[in-house]
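Participant: Structure for the following, please:
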Amino acid sequence: MATTLVHEPPAAAKPPATDGLRFVAIRANLLPDEIVSARQLEVVRKQVVLGLVLVVGLLIGWFGLSWWQTTLAHGDLDDAQHQAAALEQQQSAFAPLVAAQVEASGIRTQLHTLMAADVPWKTVIGEVRSHAPGGVALNSIAASISAGNTTVGAGPAPVTPLSVNGTVVVGQITVTGRANTKNAVAAYADSLNRVHGLTGSLITSVTAQGDAVTFTLNVAVTTDALGGRFGGPATPAITSTTPGNASSSSTGGN
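Facilitator: Below you'll find the predicted structure:
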């Protein structure tokens, strides 16, 4: 009969000796509820106070910033007022100059109105005289302008403005003189029609006196002859298309 050897299991370890006492962890809050509530209230109070302090600090900062900006604005306003007062004092020193400028502007306006129908009579009469051909002597030249009642010499009353060859007539020139022949008078009248600013030359009378003739002719003055002084860009002065070869005085014959 066979025999099997079996090892014995190891003995279990024995717990350490505790002298038979066991400790159990027990926690308990023995503070009364009144104390716990008081502590929580204290924490809330501190948080509220801290919040109020922060709010008050922000308000004080905002007020200080507003006060600083207001002070700067008042300072800028004072500076601007002082500068304006200084400029007014300086302007008062130039009051005579300003008054003179205003008066000059008024004078320019009056001159613009007054000289609207201005004619450079020296140039016009010079052209009328220079266009007298050989054998023609002028005794007198009288001119009148309908606009502005401007007259030269002792001519007729101002004519009513009308249109001749597409231009507006604003005046009239009356010429009296002496010529060798009637053909010379006709040639002179025709030459006046070619002067810039003159048109409608018309011989009104021709009288024979021995070997000579005396004549009277009228020529219309148009707006092209206006000088335009003080009324904007001046119109070119009267120029002739054919030069003359004789001249005479506007008040007496030669």
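
Participant: for the host helix or strand of D76, what is the average pLDDT?
Facilitator: Following DSSP states H and E, one finds D76 within helix 33-93. For helix 33-93, mean pLDDT is 90.

Participant: same question, stretch 99-113
Facilitator: The pLDDT scores in stretch 99-113 average 83.

Participant: per the record, what domains does this protein have?
Facilitator: Following automatic domain parsing, one gets these domains for the chain: 35-93, 116-225.

Participant: G135 and I125, how far apart?
Facilitator: 20 Å (CB to CB, to the nearest Å). C-beta coordinates here come from the backbone N, C-alpha and C atoms, glycine included.

Participant: actually T223, sorry about that
Facilitator: In terms of CB to CB, T223 sits 18 Å off from I125.

Participant: quick revisit: centre of the chain to the helix holding D76, how far?
Facilitator: Offset of helix 33-93 from its chain centre (CA atoms, centre = their mean, to the nearest Å): 47 Å.

Participant: where exactly do the strands run in the chain?
Facilitator: 136-145, 151-152, 162-164, 167-179, 198-209, 212-222 (DSSP state E).

Participant: L41 is nearest to which of those?
Facilitator: Nearest of these to L41, taken as CB to CB: strand 167-179 at 107.3 Å.

Participant: and that closest one, average pLDDT?
Facilitator: pLDDT averaged over strand 167-179 gives 85.

Participant: Kindly report the same for stretch 184-199.
Facilitator: 86.

Participant: If you count neighbours, what's buried in that stretch?
Facilitator: Buried residues in stretch 184-199, counted by 16 or more other CB atoms under 10 Å: 184-189, 191-193, 195-199.

Participant: Show the end-to-end separation of it, please.
Facilitator: 18 Å (CA to CA, to the nearest Å).

Participant: cool, stretch 174-188 as well?
Facilitator: End-to-end distance for stretch 174-188, by CA to CA: 13 Å.

Participant: returning to that earlier point: for G135 and I125, indicate the residue with more neighbours.
Facilitator: The residue with more neighbours, out of G135 and I125, is I125; 20 against 17, by other CB atoms under 10 Å.

Participant: For that one, give its distance to S146.
Facilitator: Noted for I125: a distance of 18 Å to S146, by CB to CB.

Participant: Pull the contacting residues for the residue nearest the centre of the chain.
Facilitator: Centroid-nearest residue in the chain, with CA atoms, centre = their mean: S105, separated by 16.2 Å. S105 makes contact with no residue, according to CB atoms under 8 Å, 6 or more residues apart in numbering.

Participant: What of A189?
Facilitator: S201, L202, I203, L217, V219.

Participant: V56: which of these is nearest?
Facilitator: Closest to V56, out of all of those and judged by CB to CB, is V219, at 101.0 Å.

Participant: For the closest one, grab the count of nearby residues.
Facilitator: Neighbour tally, V219, other CB under 10 Å: 21.

Participant: so what's L192 closest to, chain neighbours aside?
Facilitator: Of all residues not flanking L192 in the chain, S201 sits nearest, at 4.3 Å (CB to CB, 6 or more residues apart in numbering).

Participant: surely the one you found meets V195?
Facilitator: No: in this structure, S201 is not within contact of V195 by CB atoms under 8 Å, at 9.0 Å.

Participant: what's the span of stretch 187-206, first residue to last?
Facilitator: 14 Å.

Participant: Stretch 124-139 too?
Facilitator: Span of stretch 124-139 from end to end, CA to CA: 16 Å.

Participant: Off-centre distance for that stretch?
Facilitator: 49 Å.

Participant: list the buried ones in that stretch?
Facilitator: Residues 124-133, 135-139 are the ones in stretch 124-139 that count as buried (16+ other CB under 10 Å).

Participant: Now for T70, how many residues are close by?
Facilitator: T70 has 10 nearby residues by other CB under 10 Å.

Participant: now swap in L114 and tell me
Facilitator: The burial count for L114: 15, using other CB under 10 Å.
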